[in-house]
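>>> task: produce atomic coordinates for the following.
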Amino acid sequence: MNKPRVFVARIIPEAGLNMVLDTCDAEIWPDELPPPSNILLEKVRGMQGILSLLTDRIDGEVMDAAGPQLKIISNYAVGFDNIDIEAASERGILVGNTPGILTETTADLAFTLLMSGARRIVEGSDYIRAGRWKTFKPMELLGLDIHHATLGIIGMGRIGIELARRAKGFDMEVIYFDHRRRPEKGDSVGAKMCHSLDELLAQADFISLHVPLTTETHHLIDATALGKMKRTAILINTSRGQVVDSDALYEALHSGKITYAALDVTDPEPLPPDHKLLTLPNCLVVPHIGSASVATRNKMAVMAAENLVAGVSGQIPPHIVKLPA
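Okay, the predicted model is just below:
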């Protein structure tokens with residue numbers, strides 16, 4: 001019996017890749033960069049399954065190029081804004097993702113970015129490497145206290161809740177705003193719900209973003225929002241780059257409207273080496289590593305493989321994405 005044909009858009013950890021190879025006739029894209037759109041259209045032809053990454057745009061054109069036998073698109077990520085879910089639903093194609101597994105790992109990174117920004121860790125390291133450390137200076141590289149400060153979380157989902165738990169260990173006051181108005185989420189971690197985004201922006205010392213990318217959240221943090229923050233505020237983004245207006249953020253950091261930004265995601269992504277945000281000493285950028293621990297990436301690979309194998313076998317994937325109600 002012939003194995004189902006699948007296209008895997010990048011090399012993923014062996015824990016998941018071996019599951020795919022054992023079950024499927026898999027073509028694997030070997031490069032570290034995503035396949036160009038014209039190549040992707042060629043590679044998916046005749047495939048029954050696609051294992052994609054966030055950097056792969058899977059729209060109706062790609063689905064039609066694959067053909068009517070395409071059963072499953074398995075995304076190696078929690079987010080799925082790279083996939084046209086409605087187009088998949090119209091064609092009867094299942095979509096899977098990897099929810100829950102990277103929650104704590106991403107919350108760890110968000111708090112790492114918060115601490116690094118508050119205490120100017122990267123600036124301090126660069127200071128030494130540049131040979132500028134001559135002696136102890138009472139006024140050098142002064143940062144902000146984390147303990148007893150106010151953390152504002154925008155989007156109180158799984159990751160937001162875990163970040164709040166970590167903040168409580170530092171005796172931070174946690175406030176949050178969520179468009180879904182879910183007071184029970186905050187109650188579970190002792191956080192106070194704000195009734196408006198403006199209320200949170202005005203009160204928070206640290207603001208951490210944990211929202212999906214939608215039409216409503218695109219440039220949620222724009223020049224107006226940045227102008228409502230404290231001048232001492234630090235912005236952390238581990239959600240999606242386009243939630244923040246990069247031009248407005250640059251101006252706010254450059255002019256001192258806010259103190260610091262620490263970003264795991266950017267717009268564009270990746271940032272080119274000459275991007276103006278990278279010229280700022282008060283902007284820390286890391287390369288989308290929210291889920292980048294060995295254990296988490298392995299578990300993501302297994303979940304993505306399980307979704308793919310189930311889909312091509314005519315079964316319901318264990319982690320299926322559904323159209324919003």
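>>> how about the strands of the stretch 1-150 of the chain, start to end?
5-8, 25-28, 49-52, 72-75, 94-96, 150-154 (DSSP state E, counting those that start in this stretch).
>>> next secondary structure after the last one?
Put plainly, it is strand 150-154. Using DSSP states H and E, the helix or strand that follows strand 150-154 in sequence is helix 158-168.
>>> contacts for that next one next, please.
99-100, 103-104, 106-108, 110-111, 151, 153-154, 156, 174, 176, 178, 185-186, 188-191, 208, 210, 238 (Cβ atoms under 8 Å, 6 or more residues apart in numbering). To be clear about C-beta, it is placed using only N, CA and C from the backbone, and glycine gets the same treatment.
>>> make JSON lines from the strands of the stretch 1-150 of the chain and add mean pLDDT and mean neighbour count to it.
Shown next, in JSON lines, are the strands of the stretch 1-150 of the chain (pLDDT from 0 to 100; neighbours: other Cβ atoms under 10 Å):
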{"stretch": "strand 5-8", "mean pLDDT": "98", "mean neighbour count": "25"}
{"stretch": "strand 25-28", "mean pLDDT": "98", "mean neighbour count": "16"}
{"stretch": "strand 49-52", "mean pLDDT": "98", "mean neighbour count": "30"}
{"stretch": "strand 72-75", "mean pLDDT": "98", "mean neighbour count": "30"}
{"stretch": "strand 94-96", "mean pLDDT": "97", "mean neighbour count": "25"}
{"stretch": "strand 150-154", "mean pLDDT": "98", "mean neighbour count": "26"}
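>>> for residue 263, name its beta-bridge partners.
residue 237, residue 285 (DSSP bridges).
>>> my read: it touches residue 283, true?
Yes. In this structure, residue 263 is within contact of residue 283 by Cβ atoms under 8 Å, at 7.2 Å.
>>> now the buried members of the contacts of helix 158-168.
99, 103-104, 106-108, 110-111, 151, 153-154, 156, 174, 176, 178, 185-186, 189, 191, 208, 210, 238 (16 or more other Cβ atoms under 10 Å).
>>> helices of the stretch 101-250 of the chain, start to end?
103-118, 121-129, 158-168, 183-187, 197-203, 223-227, 246-255 (DSSP state H, counting those that start in this stretch).
>>> let me have these in CSV, extended by distance to residue 19 and mean pLDDT.
Output for those, formatted as CSV (distance: least, Cβ to Cβ, whole Å; pLDDT from 0 to 100):
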stretch, distance to residue 19, mean pLDDT
helix 103-118, 21, 98
helix 121-129, 38, 95
helix 158-168, 25, 96
helix 183-187, 34, 78
helix 197-203, 42, 98
helix 223-227, 43, 98
helix 246-255, 38, 98
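>>> so how many other residues sit close to residue 299?
20 (other Cβ atoms under 10 Å).
>>> and residue 261, by the same measure?
Residue 261 has 26 nearby residues by other Cβ under 10 Å.
>>> using the three-state scheme, assign it.
strand (DSSP: H, G, I helix; E, B strand; the rest coil).
>>> tell me the confidence at the closest residue to it other than its chain neighbours?
Using Cβ to Cβ, 6 or more residues apart in numbering and skipping residues adjacent in sequence, the residue nearest residue 261 is residue 235, 4.5 Å away. Residue 235 is assigned 98 on the pLDDT scale.
>>> please verify my assumption that residue 235 contacts residue 260.
Yes. With contacts counted by Cβ under 8 Å, residue 235 reaches residue 260, the gap being 7.4 Å.
>>> out of these two, which sits in the more crowded spot?
More crowded of residue 235 and residue 260, by other Cβ under 10 Å: residue 235, with 29 against 25.
>>> show me the contacts for the residue nearest to residue 261.
207, 209, 221, 226, 229, 244, 249, 258, 260-262.
>>> measure it to residue 193 for me?
Noted for residue 235: a distance of 20 Å to residue 193, by Cβ to Cβ, to the nearest Å.
>>> do residue 119 as well
29 Å.
>>> with the contacts of residue 235 in mind, which one is nearest to residue 311?
Of all the contacts of residue 235, residue 311 sits closest to residue 209, with 31.5 Å by Cβ to Cβ.
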